[in-house]
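Asker: sequence-free structure coming up:
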């Protein structure tokens, strides 16, 4: 049997779902023809399907070197890079597909997905709109556009995109869940509940939709029914910390504080230091009267700190860096208009510019913060101090305050203040535009007895806090610009 026949029979096995057998055939071809583009491409696809994205990328890279004009190989390489979290390289591979096939709606759609993963939301919207213009019937492009519009807090438009996706045949459970998420954020609970039920009708084992359904039922006042669905989600995903944490939130809202604390304990046993679970555990501790334990956990006076930024290496002074950062923020192409305005969460990955100087100074400050932490091996934050970490940064150009929130995907978070002219109250009793740390959102929880710390932003200084500690920007009305660069410390590797 010649190599072409082996390749043909292996592909037939692949199509019937016998991926390992197909891969063995592709490898036989490659043993005799190491640069066979079809065998390299198909072997890469098979390896990706088997969960070996690293080896898939290696073979697909060989394929694109052997056949630079092979568009499908570049597209498959992009998928392998995406699975590895190498989104910049995925984007580059997708752009090569578009260079080979300029009319490809599929490539534009894939580019939009990668741009979203990189936090480049405005560019993602443009790419997805181009994909839709090239192929108006592409339900996937409409659904992906809905995802980006949600990221941009353009909920009404997101709802329209999801509904268009469904009408165009993109009818999977994740699309109905996305529609439900957008509707829930618009407080259109009945419609959101219906969308989650549609998702579960398509995939009864889709735990994220079951969890979201429970949350929407809770938020609409159907507490018992919501808690029932969240218990089902916890049973179906017993090792999912977030599912148990969401159950804890539901039990808290239903008045079962002991059950809520038990659910948070289960979440933290699965994922020690989980930010989401710690954030909501802190609320339940306070509501249960365990205020001393709440103080220990939140560490308002031990773990929340204001620090001065060290002098940057590439600027004459901190003031000079701030001027460059302000200019960079207001001119950044991904700045979007609205009551709140912000910039890509991948700001510190830019190849040049003042954010990189800020990143380096912030890294030095964070390392000092870690070194100065108190010894407390029982504390879930202190015990997980990272030996290695990356910084994720974004900028806020605000003209109003912000509700209390946490940063669920990080260990430590903070805000560095660049410009506060005419927006931060200068009187002792005027906290306008200040950062309040300690209390959750008063729209959902009784915060009257919470101890808080209020920081008056000072240009050239930053405030850092555990990422699970609730914080907000107090309302302000003065005219002017409030520019801050926020950041998350995301551990890599084992804690120290």
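Answerer: Looks like it arrived, so ask away. Just so it is clear, the model here is predicted, and its values are computed rather than measured.
Asker: And the longest helix that the chain contains, what does it pack against?
Answerer: Longest helix in the chain by number of residues (criterion: DSSP state H): helix 354-371. Where contact means 3 or more CB pairs under 8 Å, 6 or more residues apart in numbering; DSSP states H and E, helix 354-371 is packed against strand 305-308, helix 318-331, strand 389-398, strand 412-419, strand 461-466, strand 482-491. Heads up, the C-betas are built off the backbone N, CA and C, glycines and all.
Asker: the inter-axis angle of that helix versus strand 389-398?
Answerer: Relative orientation of helix 354-371 versus strand 389-398 (axes from the mean of the first three to the mean of the last three CA atoms, to 10 degrees): 120 degrees.
Asker: pLDDT of helix 354-371, averaged?
Answerer: When pLDDT is averaged along helix 354-371, the result is 94.
Asker: which parts of it are buried?
Answerer: 354-363, 365-366, 369-370 (16 or more other CB atoms under 10 Å).
Asker: From the rest of the structure, what touches that helix?
Answerer: Residues from elsewhere that reach helix 354-371 (CB atoms under 8 Å, 6 or more residues apart in numbering): 305, 307, 309-315, 321, 324-325, 327-328, 347-348, 350, 385-386, 389, 391, 393, 395, 412, 414, 416, 462, 464, 485, 487, 489, 496.
Asker: Select only the buried ones of the residues you listed in PyMOL?
Answerer: Paste this into PyMOL to select the buried members of the contacts of helix 354-371, with burial taken from 16+ other CB under 10 Å:
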select buried, resi 305+307+309+312+315+321+324+325+328+347+348+385+386+389+391+393+395+412+414+416+462+464+485+487+489
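Asker: In the stretch 351-496 of the chain, where is pLDDT below threshold?
Answerer: Applying pLDDT under 70 to the stretch 351-496 of the chain flags the ranges 351-352, 398-401, 422-429, 478-480, 494, 496.
Asker: gap between stretch 101-116 and the chain center?
Answerer: 21 Å (CA atoms, centre = their mean, to the nearest Å).
Asker: low pLDDT regions in this structure?
Answerer: Residues of the chain that meet the criterion pLDDT under 70 lie in 1, 333-346, 349-352, 398-401, 422-429, 478-480, 494, 496.
Asker: Can you classify the most centrally placed residue in it by secondary structure?
Answerer: By CA atoms, centre = their mean, the chain has its centre lying nearest to residue 409, at 7.1 Å. Under DSSP: H, G, I helix; E, B strand; the rest coil, the three-state class of residue 409 is coil.
Asker: Now do the phi/psi pair for it.
Answerer: phi -110, psi 20 (degrees, to the nearest 10).
Asker: I'd say it and residue 274 touch.
Answerer: No. Taking contacts as CB atoms under 8 Å, residue 409 lies outside contact range of residue 274: 10.3 Å.
Asker: Distance-wise, check residue 219 relative to residue 404.
Answerer: As judged by CB to CB, to the nearest Å, residue 219 and residue 404 stand 17 Å apart.
Asker: actually residue 317, sorry about that
Answerer: 34 Å.
Asker: With residue 165 instead?
Answerer: Using CB to CB, we find residue 165 at a distance of 33 Å from residue 404.
Asker: who's more crowded, the two?
Answerer: Legend: neighbour count by other CB atoms under 10 Å for residue 165 and residue 404, higher for residue 165 (26 against 20).
Asker: State the helix or strand in which the more buried one lies.
Answerer: If you go by DSSP states H and E, residue 165 is part of helix 155-167.
Asker: Buried ones in that helix, by neighbour count?
Answerer: Residues of helix 155-167 classed as buried: 155, 157, 158, 159, 160, 161, 162, 163, 164, 165, 166 (neighbour count, 16+ other CB under 10 Å).
Asker: Also stretch 174-184?
Answerer: Residues 174, 175, 176, 177, 178, 179, 180, 181, 182, 183, 184 are the ones in stretch 174-184 that count as buried (16+ other CB under 10 Å).
Asker: and residue 280, what is it in contact with?
Answerer: Residue 280 sits next to 245, 248, 249, 252, 260, 264 when contact means CB under 8 Å, 6+ apart.
Asker: Next up, phi/psi of it, please.
Answerer: Its backbone dihedrals place residue 280 at phi -80, psi -30, with angles given as degrees, to the nearest 10.
Asker: all strands of the protein, in order?
Answerer: Using DSSP state E, the strands of the chain run over 305-308, 340-342, 389-398, 402-405, 412-419, 435-437, 453-455, 461-466, 471-473, 482-491.
Asker: who does the fourth one pair up with?
Answerer: Same thing as strand 402-405. Paired strands of strand 402-405, with direction, are strand 471-473 (antiparallel) (DSSP bridges).
Asker: Just the buried residues of stretch 296-306, please?
Answerer: 297, 298, 299, 300, 303, 304, 305, 306.
Asker: Can you give me the neighbour number for the residue lying closest to the last one once chain neighbours are set aside?
Answerer: Using CB to CB, 6 or more residues apart in numbering and skipping residues adjacent in sequence, the residue nearest residue 306 is residue 463, 5.1 Å away. Neighbour count for residue 463, taken as other CB under 10 Å: 21.
Asker: Show me what residue 463 bridges to in the sheet.
Answerer: residue 306, residue 415.
Asker: Spit out the contact partners of the residue nearest to the centre of the chain.
Answerer: Residue 409 is in contact with 275, 467, 488, 490, counting by CB under 8 Å, 6+ apart.
Asker: thought residue 150 was touching residue 159?
Answerer: No. Applying CB under 8 Å as the test, residue 150 and residue 159 come out as separate, 9.3 Å apart.
Asker: Find residues that contact each of those two.
Answerer: Listed as contacting both residue 150 and residue 159 by CB under 8 Å, 6+ apart are residue 182.
Asker: dump the residue contacts of residue 72.
Answerer: Counting by CB under 8 Å, 6+ apart, residue 72 touches residue 41.
Asker: let's see it at 10 Å
Answerer: 37, 38, 41, 42, 45, 60, 63, 97, 100, 101 (CB atoms under 10 Å, 6 or more residues apart in numbering).
Asker: what's the answer for residue 195, then?
Answerer: Going by CB under 10 Å, 6+ apart, residue 195 touches 159, 162-163, 166, 175-184, 188, 209, 212-213, 216.
Asker: how about 7 Å then?
Answerer: 176, 179, 180, 183 (CB atoms under 7 Å, 6 or more residues apart in numbering).
Asker: Leaving out sequence neighbours, find the closest residue to it.
Answerer: Nearest residue to residue 195 in three dimensions, chain neighbours excluded: residue 180, at 3.5 Å (CB to CB, 6+ apart).
Asker: quick one: contacts for residue 44?
Answerer: Applying CB under 7 Å, 6+ apart, one finds that residue 44 lies in contact with 56, 59, 60, 63, 76, 80.
Asker: right, and the first one touches residue 79 too?
Answerer: What that stands for is residue 56. No. Counting by CB atoms under 7 Å, residue 56 stays clear of residue 79, with 8.4 Å between them.
Asker: Which residue of these two possesses the greater neighbour count?
Answerer: Per other CB under 10 Å, whichever of residue 56 and residue 79 has more neighbours is residue 56, with 25 against 20.
Asker: which ones are touching residue 318?
Answerer: 309, 311, 312, 460.
Asker: go again using 6 Å as the cut-off
Answerer: Shown in contact with residue 318 (CB atoms under 6 Å, 6 or more residues apart in numbering): 309, 460.
Asker: repeat for residue 293
Answerer: Residue 293 sits next to residue 285 when contact means CB under 6 Å, 6+ apart.
Asker: next one: residue 470
Answerer: By CB under 6 Å, 6+ apart, the contact list for residue 470 reads 404, 406, 439, 440.
Asker: how deep is the second one tucked in, by neighbour count?
Answerer: Yep, that's residue 406 we're talking about. Neighbours around residue 406, by other CB under 10 Å: 21.
Asker: and what of the last one?
Answerer: Residues contacting residue 440 under the criterion other CB under 10 Å number 23.
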